[in-house]
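[1] Coordinates for the following, if possible.
(2 chains)
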Number of protein chains: 2
Amino acid sequence: MIVPRLIERKRDGGRLEPSEIRELVLAYSAGQIPDYQVAALLMAIYFKGLDRGEMNALMEAMLESGKRLDFSRLPLPRIDKHSTGGVGDKTSLILAPLIASCGVAVPMMSGRGLGHTGGTLDKLESIPGFRTALSLDEAQRQVARIGCAMLSQSDEIVPADRKMYALRDATATVEVIPLIAASIMSKKISESLTGLVLDIKRGSGSFISDLDDELALARAMIDLGASHGCPVVALLTAMDRPLGEACGNALELVEAIDVLRGAGPRDLIEVTEALGVEMLILATVATTPEGAREMMRETIASGRALAKLEEIISAQGGDPRVARDPSRLPRAPHQAPFEAGADGVVQRVDPRTIGYGVIALGGGRRNMEDTIDPSVGFVVKAKPGNRFRKGQPLASIHAQSPKGLELGRSILEEAIVVGPSKVEALPLVSHRVTARGAEELEGGA
Amino acid sequence: MIVPRLIERKRDGGRLEPSEIRELVLAYSAGQIPDYQVAALLMAIYFKGLDRGEMNALMEAMLESGKRLDFSRLPLPRIDKHSTGGVGDKTSLILAPLIASCGVAVPMMSGRGLGHTGGTLDKLESIPGFRTALSLDEAQRQVARIGCAMLSQSDEIVPADRKMYALRDATATVEVIPLIAASIMSKKISESLTGLVLDIKRGSGSFISDLDDELALARAMIDLGASHGCPVVALLTAMDRPLGEACGNALELVEAIDVLRGAGPRDLIEVTEALGVEMLILATVATTPEGAREMMRETIASGRALAKLEEIISAQGGDPRVARDPSRLPRAPHQAPFEAGADGVVQRVDPRTIGYGVIALGGGRRNMEDTIDPSVGFVVKAKPGNRFRKGQPLASIHAQSPKGLELGRSILEEAIVVGPSKVEALPLVSHRVTARGAEELEGGA
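    As a prediction, this is how the structure comes out:
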């Protein structure tokens, strides 16, 4: 294999053979090909793409580079949910215990905050003692025992993807649909799932900005799943405003617990239920959306979902009492309301500004070395289209200091735009994509 | 400076500021930016290009990374000639002594064989004892003393270019006009020239395959030269067949000596004179092409050009007797004619096949570690359009063994196509490009 010839071929719009991609990825993972050649190839792929066969070969090679969860002796359906990333998105925190308490195994591998978006691992770690760095063996045993484990990607799982993802991040080659699809799906296939639900975010707060690209990503991941007997269903959901009200690690956990207790914001419940319906139907424990909704509502009403969260927290070293008493979670010492400056209609609530605002308050990382303050953030009641009177609270700010409150205020002043006119917002759940095709859904927000 | 943001901007078709390029190149040269980020940036530049300002900033930064020849106390015009690379092109071996003996300083920095093409340094090193690795100081003193030095690029000269060129070679990012132009011109400006003549090769044996690209390269280099008070004149010359007859290191030196003695193939003389005319006029030692031609012919006829070659060889540690007695150069032990298999007209003589053929006989490098056999190669009498009868010699093969002769025969069978019809070949010198514009020339081969 002469690597510059492969780079040249891709650069000129040609195709790499599956055997070439396999050899390249495994040699790269083993340190036998330098980063600079792979960086040049990735940039050529940015411009020239990968076809289905190339993308599939990439995912296969990444899988081959590591180990997988082994559930050969577990007689349960195994379903995970993956989101492309947003602000205020705490659906994983709700769905993992909720779906696990419906008799489905949920081996859930999550990420940390990236850019302006939050990460499930960071939110979980706001629970005192909670440990996400489980070994593959620990995760397997926990799923077998209590039906769910919530873990981070370790060195054991698709190390080639880990190495390549770090290189992409350093070389401006992240936003390439086949690379995104192969990266996500290699991790998901390594979980040995029987089904996967994707939440592809749309709008100004998402990483992908174009509906065609979102549908293409959904189709690519559906194809990759199909090649491993893992059916994939994708929902396209709104990220032109934060999901729910809480934005910030501990605040979001509190809101997730609210939903598991039968309360919580309407938009968060709607998106969570839509994703849960797909998970339960893929798992074949429900056969209709109505049946699935009914099952979830009963599971919450009975307290089983919240009890499952306690089980998970206990199993992973955290203090399970937070589930019944969220005041045990870290709380910011300074809190203040943010009030409407004039009468009017909320025009927009910009998720990027809110997301970067949480980071500015100390609730996210600017560098990989930063530690996170789990207590800070915002609770934003305002939703686009809501009418407010001057002086009514639009949001609350949670900060470490009076200076933090000031900063939070200036962030919300930028993020929340109030005006005279009516506004258009994206439907909460706009499209459903399966192996049979994409359908646009009725209704929404 | 956040490098991924610069890569992203170039990737998206944006412009890098001169100050950003300077910082990037100097930091890269100092080992403070990893190869993989520069590799991704180079591939983005492959697709999105560099504008004039960016290209100029790149050249300036590369110059700043190293030292220059200092001719501040030398009262002579200083002219070099650079070729984009071809097969059988020994014009540098002729022009260096010829122009130096016309009262012009010729500080000539050359390269080694690259791909299918030969390199002036390799040809010079077929002279027993000849040393091309001169220090900057040695080169300066030699030019002051005898008017010419023929040297290789050392670590002292544009080290950033050296490092980046090696990276480009390993990442399929060589063929980018502004990168080629900045790389060549940084080396040439570091020679502190008062003028430069470019020989841009055209046709199947050249690295650039498109007339627009060749003209764009000429214009780019003219612009870069102008920014340093170094006027540049470019000639576009034919490389759809080898130049002259000899292809192989020592064989080419013998043919160059032939020309310096007033003999040699007509096409080689024509291209050499055309380049020499531009060098002498740029040096202002001649004012008209006719005057320049007359001067060169007299210099050759008087024996001064050949004597200058002897001086250069002596100064650089070689055996000067080869100039009068080329039989002292390495000679291949096995030689055989290659005869026409049928009556007909030579359709084409493929320079790539011939060039790679010389390498196959041992006369070039497959890897950087290979040593070269200077004696092997071909002398190809056949030119496109020549009519031959069956059994007449088209070429001769020079090899180390009877097996080498066989290999040489099969290479020539592929390279030399004889057929019934007339053929079209490129004019030997087709275009002349100066700061005032490009003109297509009349006549040619």
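
[2] What segments of the stretch 151-300 of chain A are helices?
    With DSSP state H, counting those that start in this stretch as the definition, the stretch 151-300 of chain A shows helices at residue ranges A:159-170, A:177-189, A:211-226, A:249-260, A:266-282, A:289-301.

[3] For the residue nearest the centre of chain A, give me phi and psi.
    Nearest to the mean C-alpha position of chain A, by Cα atoms, centre = their mean, lies A:Ser83 at 3.3 Å. Dihedral pair for A:Ser83: phi -110, psi 150, per degrees, to the nearest 10.

[4] hang on, it packs against A:Asp199?
    Yes - at 4.1 Å, A:Ser83 counts as touching A:Asp199 under the criterion of Cβ atoms under 8 Å. C-betas here are computed from N, CA, C, even on glycine.

[5] list the residues that contact both of the two?
    Common contact partners of A:Ser83 and A:Asp199 (Cβ atoms under 8 Å, 6 or more residues apart in numbering or on different chains): A:Asp89, A:Thr91.

[6] I figured A:Thr91 hits A:Val271, correct?
    Yes - using Cβ under 8 Å, A:Thr91 is in contact with A:Val271, at 6.1 Å.

[7] Give me the common contacts of these two.
    With Cβ under 8 Å, 6+ apart as the test, A:Thr91 and A:Val271 both reach A:Asp199, A:Leu243.

[8] which non-adjacent residue is nearest A:Gly377?
    Spatial nearest neighbour of A:Gly377, chain neighbours left out: A:Gly248 (1.6 Å); criterion: Cβ to Cβ, 6 or more residues apart in numbering or on different chains.

[9] Can you tell me how far that neighbour is from chain B?
    Counting by Cβ to the nearest Cβ, to the nearest Å, the gap from A:Gly248 to chain B is 26 Å.

[10] Give me the neighbour count for that residue.
    Neighbour count for A:Gly248, taken as other Cβ atoms under 10 Å in any protein chain shown: 33.

[11] Surely it and A:Val376 touch.
    Yes - contact criterion Cβ under 8 Å: A:Gly248 and A:Val376 qualify, at 5.5 Å.

[12] what comes up buried for stretch A:228-238?
    Burial within stretch A:228-238, assessed by neighbour count using 16 or more other Cβ atoms under 10 Å in any protein chain shown, is assigned to A:His228, A:Cys230, A:Pro231, A:Val232, A:Val233, A:Ala234, A:Leu235, A:Leu236, A:Thr237, A:Ala238.

[13] From those residues, which shows the smallest pLDDT?
    Lowest in pLDDT among the buried residues of stretch A:228-238 is A:His228, which has 92.

[14] Identify the bridge partners of the residue nearest to A:Ser401 when sequence neighbours are not counted.
    Nearest residue to A:Ser401 in three dimensions, chain neighbours excluded: A:His334, at 6.1 Å (Cβ to Cβ, 6+ apart). Beta bridges link A:His334 to A:Ala399 when assigned by DSSP bridges.

[15] Show the contacting residues for the nearest residue to A:Ala246 once chain neighbours are set aside.
    Among residues not flanking A:Ala246 along the chain, A:Glu255 sits closest, at 4.0 Å (Cβ to Cβ, 6+ apart). Applying Cβ under 8 Å, 6+ apart, one finds that A:Glu255 lies in contact with A:Lys90, A:Gly244, A:Glu245, A:Ala246, A:Gly264, A:Pro265, A:Leu268.

[16] Could you provide the helices of the stretch 151-300 of chain A in JSON lines, with additional columns for mean pLDDT?
    Output for the helices of the stretch 151-300 of chain A, formatted as JSON lines (pLDDT from 0 to 100):
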{"stretch": "helix A:159-170", "mean pLDDT": "91"}
{"stretch": "helix A:177-189", "mean pLDDT": "95"}
{"stretch": "helix A:211-226", "mean pLDDT": "96"}
{"stretch": "helix A:249-260", "mean pLDDT": "98"}
{"stretch": "helix A:266-282", "mean pLDDT": "98"}
{"stretch": "helix A:289-301", "mean pLDDT": "98"}
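
[17] how about the strands in chain A?
    Per DSSP state E, chain A carries strands over the ranges A:79-83, A:106-110, A:148-152, A:195-202, A:232-238, A:246-247, A:334-339, A:344-349, A:377-380, A:387-388, A:393-399, A:416-419, A:429-434, A:437-440.

[18] Ok, which of those strands comes nearest A:Glu125?
    strand A:148-152 (9.8 Å; Cβ to Cβ).

[19] relative to strand A:106-110, how tilted is the closest one?
    Relative orientation of strand A:148-152 versus strand A:106-110 (axes from the mean of the first three to the mean of the last three Cα atoms, to 10 degrees): 20 degrees.
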